[in-house]
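In: need a structure here:
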Amino acid sequence: MGKKKEKFDPKTHFEYNGRIWTKRPSTEVFFEEMKDAGLLAKTTATKIKNIFLKEGLETFASFENKSTADLVELDGVSLKIAKKIARHKLVVASEGKPIRSFQEQIEMTKNHQYLLTRVHALNRHLNDGNGLGFRSGTLIEFYGKPQMGKTQWMYDLAVRTMLPKEKGGWGRSVIYFDTEGAYSVQRILKSGLYWGLTESDFEKKMFYVSPRVLTTGSDLLTHLENIDKMIVENDVGLIIIDSIIQPFKNEFKTVTGEGLKNMGARQNMLGQALMKLKSLAQAYQLIVCYTNQVIANIGGVMNQPSEIPVGGDTVGHASDLRFWLKKDKPIENGIETRKMKLVDCGWLPPTTSSFCLTPFGIVDPSEAKEVMKIAEQMENRDPKDNSPILNHLGDPIPESSLLKNPNAIETPNSVNLPQKELVEVS
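Out: Next up, the predicted model:
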């Protein structure tokens with residue numbers, strides 16, 4: 001911890017000025033390392049640490065976005081000390097390299113991972129035609145009216161993240177923040193089994209946070225401030241928030257009329273959550289996906305979209321890729337086709353791709369008929385028939401005791417429930 005150079009794990013530590021430092025440390029470790037390096041006197045480090053802990057700032061994530069002025073507002077923190085903390089905070093946030101050479105920038109890109117989808121046109125469009133898929137370290141927003149496939153995209157990307165590398169996935173874990181109560185264990189499990197996951201994979205890699213501990217935006221922030229350890233210990237590759245705006249709408253009941261005074265506070269808190277998500281995505285080379293609601297653009301400017309995502313510029317400027325999901329074709333042979341338009345991205349031009357919704361998740365339109373045949377085959381199968389069923393790729397679909405007995409996953413406290421909850425906020 002802030003000691004002279006020695007062997008270290010690059011996943012949890014970094015090197016700076018001949019010393020080893022902890023990545024995204026707890027508040028205690030942060031000030032312990034400042035003390036060991038002589039950046040703060042022993043008594044001062046202890047005093048300031050206790051002030052932070054008293055204010056509920058227990059992790060680096062809880063104060064990484066606080067300015068020098070914010071720190072000075074803490075009772076007992078002088079401007080001189082606040083500046084020292086702010087300087088070291090930048091060192092920790094940048095892992096010792098706040099300014100990087102061009103060669104170092106190139107090296108950073110080598111750490112990126114790419115998550116392929118089952119929508120072939122989308123894969124080609126991503127990363128400027130290289131067909132690599134979604135890039136780690138990014139925030140991805142899906143917005144649109146209800147029933148456009150937003151939540152289904154969350155399930156699908158969760159499955160892709162958990163799939164082993166030999167099946168085109170990452171073999172990493174997922175944390176799913178369900179702010180609206182739309183999460184369905186049956187749907188995501190059914191999709192995962194089709195593509196090659198097992199119930200055991202879900203038990204090990206799928207983590208779930210229920211709406212009852214996500215009532216407000218403050219609840220979400222509390223989780224994000226204390227999630228680093230879980231990310232590291234479980235090799236989390238994807239964080240999902242479905243939807244991003246709901247807990248903030250709950251906390252600030254109205255931001256119109258007399259409630260307009262609440263708008264600034266809501267947007268500030270929403271911005272803090274998005275900054276923390278961005279920091280987590282970049283620090284741990286994971287993807288953050290969130291859904292967003294829309295409002296009608298009544299009386300809007302001509303040639304402007306008919307639907308506007310909620311959250312204003314705070315949400316609009318946060319995401320790296322922003323997709324608008326819309327209807328495409330009428331339902332044909334039970335197949336629902338949707339369009340996803342990339343409306344904003346810093347390195348890609350606007351593009352539109354089509355995808356299909358199936359009982360087994362998101363698929364390319366070229367695969368939809370084959371997938372639906374498998375769904376029909378499974379639905380009409382004789383219960384006594386134990387012969388294996390193959391998916392349209394020729395791989396066997398594992399049996400599921402949970403799907404055979406839906407009652408086993410209806411009760412939230414069931415020990416067989418293939419999900420885990422984070423510690424509830426009291």
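In: helix/strand/coil for residue 241?
Out: strand (DSSP: H, G, I helix; E, B strand; the rest coil).
In: in the sheet, which residues pair with the closest residue in space to residue 345 that isn't next to it in sequence? Tell me.
Out: Counting by C-beta to C-beta, 6 or more residues apart in numbering, residue 345 lies nearest to residue 321, which is 4.9 Å off, once chain neighbours are set aside. C-betas here are computed from N, CA, C, even on glycine. Taking DSSP bridges, one obtains residue 140, residue 345 as the residues bridged to residue 321.
In: do residue 396 as well
Out: residue 390.
In: residue 381 and residue 359, how far apart?
Out: Counting by C-beta to C-beta, to the nearest Å, the gap from residue 381 to residue 359 is 14 Å.
In: so between these two, which is more surrounded?
Out: Between residue 381 and residue 359, counted using other C-beta atoms under 10 Å, the more crowded position is residue 359 (16 against 12).
In: so what's the more buried one up against?
Out: Contacts here follow C-beta atoms under 8 Å, 6 or more residues apart in numbering; on that basis residue 359 touches 190-191, 375.
In: for these, give me JSON lines that also has distance to residue 138, pLDDT and secondary structure.
Out: Output for the contacts of residue 359, formatted as JSON lines (distance: C-beta to C-beta, whole Å; pLDDT from 0 to 100; DSSP: H, G, I helix; E, B strand; the rest coil):
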{"residue": "190", "distance to residue 138": "28", "pLDDT": "94", "secondary structure": "helix"}
{"residue": "191", "distance to residue 138": "23", "pLDDT": "95", "secondary structure": "helix"}
{"residue": "375", "distance to residue 138": "32", "pLDDT": "91", "secondary structure": "helix"}
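In: and the buried ones among those residues, selectable in ChimeraX?
Out: Listed next is the ChimeraX selection for buried residues among these, using 16 or more other C-beta atoms under 10 Å:
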select :190,191
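In: and of the contacts of residue 359, the nearest to residue 158?
Out: When these are compared for distance to residue 158 (C-beta to C-beta), residue 191 wins out at 8.7 Å.
In: do you know the pLDDT at the residue lying closest to residue 196 once chain neighbours are set aside?
Out: In this structure, residue 196 finds its nearest non-sequential neighbour in residue 167, 5.0 Å apart by C-beta to C-beta, 6+ apart. If you check residue 167, the pLDDT there is 90.
In: now swap in residue 6 and tell me
Out: Taking residue 6 on its own, its pLDDT is 57.
In: and what of residue 267?
Out: 88.
In: also the one 5 residues further on?
Out: Model confidence at residue 272, expressed as pLDDT, equals 92.
In: ok, it to residue 311 distance?
Out: With C-beta to C-beta as the criterion, residue 272 and residue 311 are 13 Å apart.
In: those two - which one has more neighbours?
Out: Higher neighbour count among residue 272 and residue 311: residue 311, with 25 against 18, using other C-beta under 10 Å.
In: OK, contacts around the more buried one?
Out: Contacts of residue 311 by C-beta under 8 Å, 6+ apart are 244-245, 267, 270, 292.
In: how about 6 Å then?
Out: residue 245 (C-beta atoms under 6 Å, 6 or more residues apart in numbering).
In: how far away is it from residue 317?
Out: Distance, residue 311 to residue 317, using C-beta to C-beta: 10 Å.
In: now do the phi/psi pair for residue 233.
Out: phi -70, psi -30 (degrees, to the nearest 10).
In: number of residues surrounding it?
Out: 9.
In: any idea how far it lies from residue 175?
Out: With C-beta to C-beta as the criterion, residue 233 and residue 175 are 12 Å apart.
In: same check on residue 317?
Out: 24 Å.
In: who's more crowded, the two?
Out: residue 175 (26 against 12).
In: give me the pLDDT for the residue nearest to that one when sequence neighbours are not counted.
Out: In space, and not counting its chain neighbours, residue 175 is closest to residue 207: 4.7 Å by C-beta to C-beta, 6+ apart. Each residue has a pLDDT score; the one for residue 207 is 96.
In: what's the one helix or strand residue 207 maps to packed up against?
Out: Using DSSP states H and E, residue 207 sits within strand 206-209. Counting contacts by 3 or more C-beta pairs under 6 Å, 6 or more residues apart in numbering; DSSP states H and E, strand 206-209 packs against strand 173-178.
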